[in-house]
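# Here is the input, now give the coordinates:
(chains A and B)
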Amino acid sequence: MPFAKRGPWGAVAVLVLLGLLVPGAAAQPKPVVVVQSGEAATLDWHMHCDKNAHEPDRQIFDTLLRRDLKTLKLEGNLAESWRLLTDTTWQFKLRRGIKFHNGEPFDAAAVKFSVERMLNPAQGAPGRTSIASIDHVDVVDPYTVNVVTKTPFPLLPVRMSPGHCGTVGILPPKYVAQVGDAGFAVKPVGTGPYRLVEWVKDERLVLDANKDYHRGAPAIERLVFRPVPELTTRVAALLSGQADLVSDVPPDQVAKIKASGVARVEVSTLGGFVIMVKMTNYLMPGPWQDARVRKAINYAIDLDTIIKTVLEGYGQPLGVPLEKEAFGFNPAIKWWGYDPERAKALLREAGYANGFEMILHAPNRRYMNDIEVMQAMAAMLGKVGIKATVQVWEQSVYTTKWRKRELLPAYMVAWGGAGVFDGDLLVNSLHSKSALAIHKNEALDKILEEAQGTNDPERRRALYFKAQEIIFEDAPIIKAYQQAHIFGISNRLDWKPWIDNMLFLYDARLK
Amino acid sequence: MPEWWALHRRTRTFLAAPSARFGLVVLVGVLLCALLPERLAPADPNEQQLLARFTPPVTRTGDGTLAALGTDQLGRDILSRVIHGARTSVLIGMSAALLAGTVGTSLGLTAGIRGGMSDHLIMRLADMQFAFPFILLAITVIGVLGPSIRNIILVVGLSNWATYARVVRAETLAVRERTYVDAARSLGLSRPRILWRHILPNVSASLIVVATFGVAGAILTEAGLSFLGLGVPLAIPSWGGMLAEGRQFVDTRYWLALFPGAALFVTVMAINLLGDALRDALDPYLVARRAVGQL
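Below you'll find the model as predicted:
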């Protein structure tokens, strides 16, 4: 009489065991788990600049255009086609029959609402400046919109394709009005390949496949995003089978993942961060105001060795601070090489034979082995007589200080890796009015402004080529390199990295 | 009993404990490292050999030099960094304890001897100090003033005075009622003189013990702050900073974190053992009991 003694619980246990044996219950595959460094504060595409929020958002939302992974050319997505009507008007023809996850139809009104919402200064979208050239959107008919810009805006199609916070995700106007901004931030609805099922703060964010997705239902039924702040714990989760995908794996963990037998490593150089150390020529008096000194500093740095050792080869030196795939990249320019003798000679010529002191400001684990790269650079500067000290700042302090232009005379920062692939990145990183610039060169400013003001690709290309020549001669940075993105992927998952270090999981499938 | 005889006896009691001897030997070693790191360290602690990064312990690097404790992520010699790190730890530990001790003792003596309002005020201040979360204070102060050795000494020192103040006040309250203090007072000695000549020497035994643990605590605190990135600047080797850097590699290159961690552990343990032995030797209650036992 064992059951009788234990009461009803024994019977329940048997039923549960039987339930596990029923084929239907067992067929539900384990969801694909992505571990992230932290949790999103909001899932409202327009309202953040946060990798941890972009990753789920890329699955929930869609953009008008998308990028072909092989050719890197833009192609239609929610829009079927697009063309330039006048110098300041872009027309998009929209795909028909697409619905948001809540059943609301996708149409011209949704596009107008989404663009103008992000554009509205009162909304406070952090990516607003990237599309500030847009004036308004005209609805021509339910499936045609005209985006009217204040000045020629050649980058508009790029801003309508997936990228970071400067790109326009398409939101459902009726639903947003119904739940309000605060409601939308936690229960977003889009047209993307996955829809939000539940979001338990600090624990999990669950997305299910959108069976009606306009490009066909995704192969994976369920995605789970989990916040795991500690990097080694994320890698451990991958190796113990609790996670399927980890991004931003540091080089020293690669061997361990490769040897594990349960996971593999994918390295993507496409759209990698362009990392540079910027120097000021006007915000702080000192030797760095002299272009000869800036060149000497460049000559002192053996970037190849740094990449080979500190980055364990997961990076490549760049001739100019622009990604190689970018429109307008000038392949003819080779940056100042490694030549300590020339560095010393230039310093003597500039009147600093006895060297000088300078501070290099470094972020704390924002980019791959950033502190070590800066320390290696400081030691190399020491060899030519420049006494450089590395000052590391906690992440939030670093961001605040760079916005206030207080990281002087030199600091490390990355630009690019946002799916833009355009010489326009030079504007954001080196135009003196840009939020990240600490260097001023009026000729460069003028050329970059001119390039922004024309839609003619050939003219733009020529202007960006010229801009890169000026940058080379002026040497406002200490060398630039592109960091590779390293992903750890469980062996059961078939997935290739996308154009940046973020995840786009529509094409992923289980083996 | 003549004074020298008491001292001799206490020293003998103190040295009789094996733990005290161990502590003393370790501490002398650490102090030597702190005083003469340039002489003892085989290499410049900040010299990078990028091509010899992550050399395991007891291995020769490419140029033939022996890396006894291995090299770190920038190819710096860990042994040299541990030796130089002793200077940071000892400097901060002792200075912070000295600062906390001076402030705490002055306030404790004042509270104990004056009583009344000053006593209340100082002790409530001490309560507040105990109630305030230290890390919050450290983050705020270091965030505003910037990380430097001086600022760490200030933060650690000024946040530990309350312990000293409480102990000294309690001892003072007991001592000030003694007949020799009454005698001094009736002879017309000034209050500062009574404090200096009669009260301070008689509370010093407890003070020394508290200070010993204070040094150990301050060393650990400095390591903790450096671990959080609020510590000494990168260019100055420190055990906490080395631990923080090594943490990232703890599962693949153990030696980066192991050796600074071991140095920290052994040093703090040595100081604590020494503190225990000092207390045994100096505590009047224990001394009296031992004396009775010997009779």
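
# Contact residues of chain A facing chain B?
A:231-232, A:250, A:252-253, A:255-256, A:305-306, A:309-310, A:364, A:369, A:371-372, A:375-376, A:379, A:389-392, A:394, A:397 (CB under 8 Å from any CB of the partner chain). Placement of C-beta: from N, CA and C, glycine included.

# Narrow those to just the buried residues.
Those of the residues of chain A next to chain B that meet the buried threshold are A:231-232, A:250, A:252-253, A:256, A:306, A:309-310, A:369, A:371-372, A:375-376, A:379, A:389-392, A:394, by 16 or more other CB atoms under 10 Å in any protein chain shown.

# Just the ones of the residues of chain A next to chain B in helices?
A:231-232, A:255-256, A:305-306, A:309, A:371-372, A:375-376, A:379, A:397 (DSSP state H).

# okay, these in TSV with pLDDT next?
Output for these, formatted as TSV (pLDDT from 0 to 100):
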residue	pLDDT
A:Leu231	82
A:Thr232	84
A:Ala255	90
A:Lys256	91
A:Thr305	95
A:Ile306	96
A:Thr309	93
A:Ile371	90
A:Glu372	92
A:Gln375	93
A:Ala376	95
A:Ala379	94
A:Val397	78
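
# okay, the residues you listed in JSON lines with distance to B:Thr105 next?
Output for those, formatted as JSON lines (distance: CB to CB, whole Å):
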{"residue": "A:Leu231", "distance to B:Thr105": "45"}
{"residue": "A:Thr232", "distance to B:Thr105": "45"}
{"residue": "A:Ala255", "distance to B:Thr105": "55"}
{"residue": "A:Lys256", "distance to B:Thr105": "53"}
{"residue": "A:Thr305", "distance to B:Thr105": "54"}
{"residue": "A:Ile306", "distance to B:Thr105": "51"}
{"residue": "A:Thr309", "distance to B:Thr105": "51"}
{"residue": "A:Ile371", "distance to B:Thr105": "40"}
{"residue": "A:Glu372", "distance to B:Thr105": "44"}
{"residue": "A:Gln375", "distance to B:Thr105": "41"}
{"residue": "A:Ala376", "distance to B:Thr105": "47"}
{"residue": "A:Ala379", "distance to B:Thr105": "44"}
{"residue": "A:Val397", "distance to B:Thr105": "36"}
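
# which of these sit farthest apart?
A:Ala255 and A:Val397 (33.3 Å; CB to CB).

# for the closest residue in space to B:Glu171 that isn't next to it in sequence, what are its contacts?
Nearest residue to B:Glu171 in three dimensions, chain neighbours excluded: B:Val203, at 3.8 Å (CB to CB, 6 or more residues apart in numbering or on different chains). Contacts for B:Val203 were tallied using CB atoms under 8 Å, 6 or more residues apart in numbering or on different chains; they are B:Leu109, B:Val167, B:Val168, B:Glu171, B:Thr172, B:Val175.

# Helix, strand, or coil at B:Val203?
Using DSSP: H, G, I helix; E, B strand; the rest coil, the structure places B:Val203 in helix.

# From A:Val235, how far out is it?
54 Å (CB to CB, to the nearest Å).

# Same check on B:His8?
60 Å.

# Check A:Ala508 too.
Taken as CB to CB, the span from A:Ala508 to A:Val235 is 20 Å.

# Neighbour count for the two, which is higher?
Each of A:Ala508 and A:Val235 has its neighbours counted (other CB atoms under 10 Å in any protein chain shown); A:Val235 has more, 24 against 21.

# would the more buried one count as being in a helix?
Yes - counting by three-state DSSP, A:Val235 is located in a helix.

# Can you report phi and psi for A:Gly488?
phi -110, psi 130 (degrees, to the nearest 10).

# A:Leu270 too?
Torsion angles, degrees, to the nearest 10, at A:Leu270: phi -70, psi 130.

# What are the neighbouring residues in contact with the residue lying closest to it once chain neighbours are set aside?
Closest residue in space to A:Leu270, ignoring its immediate chain neighbours: A:Ile499 at 5.5 Å, by CB to CB, 6+ apart. A:Ile499 makes contacts with A:Arg67, A:Leu69, A:Leu72, A:Leu270, A:Gly271, A:Gly419, A:Phe421, as judged by CB under 8 Å, 6+ apart.

# go with 7 Å
By CB atoms under 7 Å, 6 or more residues apart in numbering or on different chains, the contact list for A:Ile499 reads A:Arg67, A:Leu69, A:Leu270, A:Gly271, A:Gly419.

# now the residue of the stretch 301-450 of chain A found nearest chain B: how far from A:Ala378?
Proximity of the stretch 301-450 of chain A to chain B (CB to the nearest CB) peaks at A:Thr309, 4.2 Å away. A:Thr309 sits 15 Å away from A:Ala378, going by CB to CB.

# do the same with B:Arg150
22 Å.

# more crowded one of these two?
A count of neighbours by other CB under 10 Å puts A:Ala378 above the other of B:Arg150 and A:Ala378, at 23 against 11.

# Report pLDDT for the residue nearest to that one when sequence neighbours are not counted.
Leaving out its chain neighbours, the residue that sits closest to A:Ala378 by CB to CB, 6+ apart is A:Ala388, at 4.0 Å. A:Ala388 carries a pLDDT value of 94.

# contacting residues around A:Ala388?
With CB under 7 Å, 6+ apart, A:Ala388 has these contacts: A:Met358, A:Leu360, A:Ala378, A:Leu381, A:Gly382.
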